[in-house]
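Trainee: Fold the stuff below for me.
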Amino acid sequence: MLDDHSTAATAWPAAYPEGYAVVDVETTGLARDDRIVSAAVYRLDARGEVEDHWYTLVNPERDPGPVWIHGLTTDVLEGAPLFGEIAGELSERLDGRVLVAHNAIFDWSMIAREYARADRTAPTRQRLCTIALSKELRLPLPNHKLESLAAHFGVVQQRAHHALDDARVLAEAFRPSLRAAARGGVRLPLLECRPLTEWSNSPATPRIGYQPSYGQSSQGSGPYGQSSWRPSRKRPACPYPNPGRYEVGGQLVQGMRVAFSGDTSVDRELLEDRSIEAGLHVASSVSRLTSLLVTNDPESATSKIVKAQSYGTPVVDEAAFTQLLRDVAPAPSGPGSRSGAASASGAASSPGRGSAPGSSSGRGSSGTGTGTGSSSAVPAPSSE
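Mentor: So this is what the prediction gives:
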């Protein structure tokens with residue numbers, strides 16, 4: 001572990017958590033019905049000192065997915081414990097601590113789904129993404145990969161995509177990051193962890209190129225049944241026409257197409273449900289028809305944000321969007337209804353309005369979940 005005694009004489013921020021659980025999970029894939037195949041936890045004290053570590057394989061009850069990435073074959077995993085059998089021990093290591101992970105929304109989502117499948121609730125209440133923390137610290141990284149963060153702090157990565165080594169590397173990189181944040185009085189980008197409470201059993205989607213495992217057929221039947229994560233409700237089609245883009249400073253209008261990108265303090269599915277209930281169209285991607293993109297990190301280079309920049313799609317942070325959801329204007333009707341977005345805002349649409357002075361990029365709410373309700377829009381390119 002790297003040594004850093006520069007904060008020894010500095011008062012430690014009283015608001016900082018009392019302990020952390022640095023977590024890494026390897027999975028069968030990235031979708032909601034994918035499963036955890038291995039998990040590792042490094043427990044750290046309030047100042048980032050390692051207390052202990054733990055690692056386990058997990059039988060995913062299905063094909064292991066990208067073996068060429070995590071190296072865990074069906075034969076290796078067949079004798080491993082099921083998640084329900086290790087959930088208690090994992091809970092002991094997470095309880096009372098902030099979950100720390102690199103791209104924490106992914107690790108937390110996979111863990112929360114596994115607990116839901118096991119009819120249990122994860123004890124985690126807050127998470128911290130080390131990507132968000134590196135941005136708060138303005139570290140000069142070429143990208144946001146774990147290997148880049150590790151190289152910045154001189155941490156040697158021995159076995160990439162092995163849960164235990166990835167967790168070790170992250171723990172070693174998190175300690176100097178935490179101390180740098182303490183020295184600079186940086187507010188940690190903590191987000192709320194809401195447990196998943198709605199799930200149902202359904203067959204896993206067959207994958208091209210993967211062979212059934214553990215006695216399963218291609219329809220997902222087998223000795224372990226057909227349990228896999230699926231949203232318990234299908235998204236209904238939006239009954240309203242798209243009135244156009246959101247005008248910064250105005251109201252949302254029923255029928256507007258809204259997309260989400262990146263980590264959110266409120267569970268993503270809950271935000272989507274609230275949007276649909278308000279009469280909005282939740283889109284899974286960004287196009288020229290998208291009315292609004294919601295993100296807490298408008299400076300990241302996700303595909304949705306890049307497309308929003310190219311299309312001139314308005315962007316707001318989660319806090320601003322939550323406020324806007326409280327007062328959504330009814331869908332316009334009759335001739336010229338697609339100009340309703342401008343009329344609802346009380347002003348005509350004009351190129352570049354979203355980039356008016358005083359608008360915020362939403363960085364202040366990135367990772368904290370306590371945004372000030374600021375919003376911004378990416379100026380439209382001259383070709384539009």
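Trainee: hey, let's count contacts and neighbours off CA atoms from now on
Mentor: Will do.
Trainee: Assign the spatially closest residue to residue 82 that is not a sequence neighbour to helix, strand or coil.
Mentor: Closest residue to residue 82 apart from its sequence neighbours, by CA to CA, 6 or more residues apart in numbering: residue 59 at 5.0 Å. Three-state assignment for residue 59 (DSSP: H, G, I helix; E, B strand; the rest coil): coil.
Trainee: Run through the residues that contact residue 59.
Mentor: When contacts are counted by CA atoms under 8 Å, 6 or more residues apart in numbering, residue 59 touches 36-37, 77-83.
Trainee: Select only the buried ones of those in PyMOL?
Mentor: This is how PyMOL selects the buried members of those, with burial counted by 16 or more other CA atoms under 10 Å:
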select buried, resi 36+37+77+78+80+82+83
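Trainee: farthest pair in the contacts of residue 59?
Mentor: The most widely separated members of those are 36 and 79, with 14.6 Å between them, by CA to CA.
Trainee: Could you confirm residue 139 falls within a helix?
Mentor: No. Per three-state DSSP, residue 139 lies outside any helix segment and is coil.
Trainee: so how far is residue 131 from it?
Mentor: Using CA to CA, to the nearest Å, residue 139 is found at 10 Å from residue 131.
Trainee: neighbour count winner among these two?
Mentor: residue 131 (20 against 12; other CA atoms under 10 Å).
Trainee: On the secondary structure side, give me the element for that one.
Mentor: helix 130-136 (DSSP states H and E).
Trainee: Residues in contact with that helix: which ones?
Mentor: Outside helix 130-136, the residues within contact range by CA under 8 Å, 6+ apart are 100-104, 144, 174, 177, 186, 188-189, 366-367.
Trainee: try stretch 84-94
Mentor: For stretch 84-94, contacts defined as CA under 8 Å, 6+ apart pick out 21, 41, 43, 115, 118, 122-124.
Trainee: what sits opposite residue 192 in the beta ladder?
Mentor: Per DSSP bridges, the residues bridged to residue 192 are residue 126.
Trainee: ok, residue 157 to residue 146 distance?
Mentor: Residue 157 is 9 Å from residue 146, by CA to CA.
Trainee: now swap in residue 126 and tell me
Mentor: 21 Å.
Trainee: Likewise for residue 317?
Mentor: Plainly put, residue 317 is 25 Å away from residue 146 if you go by CA to CA.
Trainee: out of those two, which sits in the more crowded spot?
Mentor: Using other CA under 10 Å, the more surrounded residue of residue 317 and residue 146 is residue 317, with 30 against 20.
Trainee: now residue 72, what's its secondary structure?
Mentor: coil.
Trainee: mind listing what the closest residue to it other than its chain neighbours touches?
Mentor: Residue nearest to residue 72 in three dimensions, not counting chain neighbours: residue 64, with 6.9 Å by CA to CA, 6+ apart. By CA under 8 Å, 6+ apart, the contact list for residue 64 reads 27-28, 37, 72-74, 77.
Trainee: What values do phi and psi take at residue 64?
Mentor: Main-chain dihedrals, residue 64, degrees, to the nearest 10: phi -80, psi 0.
Trainee: Now do it, the pLDDT please.
Mentor: If you check residue 64, the pLDDT there is 93.
Trainee: three-state assignment of the residue nearest the centre of the chain?
Mentor: Centrality entry for the chain: nearest residue to the mean C-alpha point is residue 105, 3.1 Å, by CA atoms, centre = their mean. Classification of residue 105 using three-state DSSP returns helix.
Trainee: can you give me the helices in the stretch 251-384 of the chain?
Mentor: 268-277, 303-311, 318-325, 340-345 (DSSP state H, counting those that start in this stretch).
Trainee: Just send those back as JSON lines, with mean neighbour count, mean pLDDT and distance to residue 55 too.
Mentor: Shown next, in JSON lines, are the helices of the stretch 251-384 of the chain (neighbours: other CA atoms under 10 Å; pLDDT from 0 to 100; distance: least, CA to CA, whole Å):
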{"stretch": "helix 268-277", "mean neighbour count": "16", "mean pLDDT": "82", "distance to residue 55": "29"}
{"stretch": "helix 303-311", "mean neighbour count": "19", "mean pLDDT": "92", "distance to residue 55": "33"}
{"stretch": "helix 318-325", "mean neighbour count": "20", "mean pLDDT": "86", "distance to residue 55": "35"}
{"stretch": "helix 340-345", "mean neighbour count": "21", "mean pLDDT": "40", "distance to residue 55": "53"}
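Trainee: So for residue 169, which of the ones you listed sits nearest?
Mentor: Among the helices of the stretch 251-384 of the chain, helix 303-311 comes nearest to residue 169, with 27.4 Å by CA to CA.
Trainee: pLDDT weak spots in the stretch 151-300 of the chain?
Mentor: Within the stretch 151-300 of the chain, the segments meeting pLDDT under 70 span 197-234, 265-266.
Trainee: Let me know the pLDDT of residue 371.
Mentor: Reported pLDDT for residue 371: 35.
Trainee: meant to ask about residue 363, not that
Mentor: If you check residue 363, the pLDDT there is 31.
Trainee: Next up, the contacts around residue 180.
Mentor: residue 137.
Trainee: Can you tell me the element it falls in?
Mentor: Assigned by DSSP H and E, residue 180 belongs to helix 163-184.
Trainee: Quick check: buried residues in that helix?
Mentor: Buried residues in helix 163-184 (16+ other CA under 10 Å): 163-183.
Trainee: repeat for stretch 48-66
Mentor: Residues of stretch 48-66 classed as buried: 48-50, 53, 55-65 (neighbour count, 16+ other CA under 10 Å).
Trainee: With just CA atoms, put it into CSV.
Mentor: The C-alpha coordinates for stretch 48-66 follow below in CSV (Å, rounded to 0.1, in the frame of the first residue of the first chain):
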residue,chain,number,x,y,z
GLY,A,48,-8.2,4.6,3.8
GLU,A,49,-6.0,2.1,5.7
VAL,A,50,-6.7,-1.5,4.8
GLU,A,51,-8.3,-3.6,7.5
ASP,A,52,-8.8,-6.9,5.6
HIS,A,53,-9.9,-8.3,2.2
TRP,A,54,-12.2,-11.1,1.0
TYR,A,55,-12.7,-12.9,-2.3
THR,A,56,-15.1,-15.5,-3.6
LEU,A,57,-16.2,-17.1,-6.8
VAL,A,58,-20.0,-17.2,-7.5
ASN,A,59,-21.9,-19.8,-9.5
PRO,A,60,-24.0,-17.6,-11.9
GLU,A,61,-26.4,-20.5,-12.7
ARG,A,62,-25.9,-19.8,-16.4
ASP,A,63,-23.1,-19.5,-19.0
PRO,A,64,-20.0,-17.6,-17.6
GLY,A,65,-20.1,-15.0,-20.4
PRO,A,66,-16.8,-13.5,-21.6
